[in-house]
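Asks: predicted model, plus sequence, below.
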Amino acid sequence: MAATAAVLRSEWTKIRSVRSTVWTLSLAAVITVGLGLLISLLVNNEFDKMPLTERLTFDPTYTSFAGMGIGQLLMIVFGVLVVSNEYSTGMIRSSLAAVPQRGRFLFGKITVATALALVVGEVTSFVSFFVGQSVLGGHRTQIGSPGVLRAVVGGGLYMTLMAVFAMGCAAMLRSPLLSLSILMPFFFLISNILGGVSATKKIARYLPDQAGQKIMMVVTRNDGRPYGPWLGLLIMAAWVAAALVGGYALLKKRDA
């Protein structure tokens, strides 16, 4: 137990002493809130001009999370940097020499980074919601309305799981450049393209980002997803678990 606590303290020191990780988390929060505010304001101003079908299915809660698309990319960067920085600097050799039990080493790193991502994710989600609702005028909703609190808490969980998924992938790939060159285009472009093509739409619904986003929706949309909010988040969590298992297996097998 004492050894595990020492590993956790060590990983906390590493994360907070690297400016890139701190700045990345800060940017994730600021950009998510800022874009959510801007888009919510634009939607409120243009609401009466929207098609009737869009007005009938308008989801004020999900609208306040409009900045989450960019915010999730920054959470991916954070997750990649937390794991792969040690490989790019060569510090991984010293870390594994100090903590030869590779499972304990990875557990400590993931635990500390996940806790930090969860705090930032939840704060960002709640602030995005309240800021977004403040400019939606008569179209806003309340935190106590059915499904809203679940969606807001889920927004923070979504951001956290995205960061942890990136950690698992970075543990497998080791290189920050390779990890980001795969994850960033996939979640920024490829996932959306697959979701918009009829031939691949049914498969794309089960990708981690598209499944996880269901947790942030309150108004039922005819998006064809055969699962609800919590099952969608569970599907995303399964992807995260698979990435972590893969990262641990390769960390245990390969040399530093």
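Replies: Sure thing, it's come through. Numbering: from 1, shown residues only.
Asks: restricting to C-alpha, output stretch 232-252 in PDB.
Replies: Extracted C-alpha coordinates of stretch 232-252, given in PDB (Å, rounded to 0.1, in the frame of the first residue of the first chain):
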ATOM      1  CA  GLY A 232     -23.900   4.300 -24.900                       C
ATOM      2  CA  LEU A 233     -21.500   5.400 -22.200                       C
ATOM      3  CA  LEU A 234     -21.000   1.700 -21.300                       C
ATOM      4  CA  ILE A 235     -20.000   1.000 -25.000                       C
ATOM      5  CA  MET A 236     -17.500   3.800 -24.800                       C
ATOM      6  CA  ALA A 237     -16.200   2.500 -21.500                       C
ATOM      7  CA  ALA A 238     -15.700  -0.900 -23.100                       C
ATOM      8  CA  TRP A 239     -13.500   0.700 -25.800                       C
ATOM      9  CA  VAL A 240     -11.500   2.400 -23.000                       C
ATOM     10  CA  ALA A 241     -11.100  -0.800 -21.100                       C
ATOM     11  CA  ALA A 242      -9.800  -2.600 -24.300                       C
ATOM     12  CA  ALA A 243      -7.300   0.200 -24.900                       C
ATOM     13  CA  LEU A 244      -6.000   0.000 -21.300                       C
ATOM     14  CA  VAL A 245      -5.700  -3.800 -21.500                       C
ATOM     15  CA  GLY A 246      -3.800  -3.500 -24.800                       C
ATOM     16  CA  GLY A 247      -1.500  -0.800 -23.300                       C
ATOM     17  CA  TYR A 248      -0.800  -2.900 -20.300                       C
ATOM     18  CA  ALA A 249      -0.100  -6.100 -22.300                       C
ATOM     19  CA  LEU A 250       2.400  -4.300 -24.600                       C
ATOM     20  CA  LEU A 251       4.000  -2.500 -21.700                       C
ATOM     21  CA  LYS A 252       4.600  -5.800 -19.900                       C
END
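Asks: which other residues reach it?
Replies: 83, 102-103, 105-106, 110, 154, 157-158, 161, 164-165, 167-172, 206-209, 211-215, 225, 227 (Cβ atoms under 8 Å, 6 or more residues apart in numbering). Bear in mind the C-beta positions are built from the backbone N, C-alpha and C, glycine included.
Asks: show me just the buried residues among the residues you listed.
Replies: 83, 102, 105-106, 110, 154, 157-158, 161, 164-165, 167-172, 206-209, 211-215, 225 (16 or more other Cβ atoms under 10 Å).
Asks: could you point out which element follows the host helix or strand of residue 172?
Replies: In this structure, residue 172 sits in helix 148-173 according to DSSP states H and E. Using DSSP H and E, the next helix or strand after helix 148-173 towards the C-terminus is helix 176-185.
Asks: for whichever helix or strand comes after that next one, buried residues please.
Replies: Later in the chain than helix 176-185, the nearest helix or strand by DSSP H and E is helix 191-196. By 16+ other Cβ under 10 Å, the buried positions in helix 191-196 come out as 191, 192, 194, 195.
Asks: can you redo those residues as JSON lines with distance to residue 87 and pLDDT?
Replies: Formatted as JSON lines, those follow (distance: Cβ to Cβ, whole Å; pLDDT from 0 to 100):
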{"residue": "191", "distance to residue 87": "26", "pLDDT": "92"}
{"residue": "192", "distance to residue 87": "30", "pLDDT": "90"}
{"residue": "194", "distance to residue 87": "30", "pLDDT": "91"}
{"residue": "195", "distance to residue 87": "32", "pLDDT": "88"}
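Asks: contacting residues for the closest residue to residue 167 other than its chain neighbours?
Replies: Nearest residue to residue 167, sequence neighbours excluded (Cβ to Cβ, 6 or more residues apart in numbering): residue 79, at 4.3 Å. Counting by Cβ under 8 Å, 6+ apart, residue 79 touches 113, 117, 162, 163, 164, 165, 166, 167, 169, 170.
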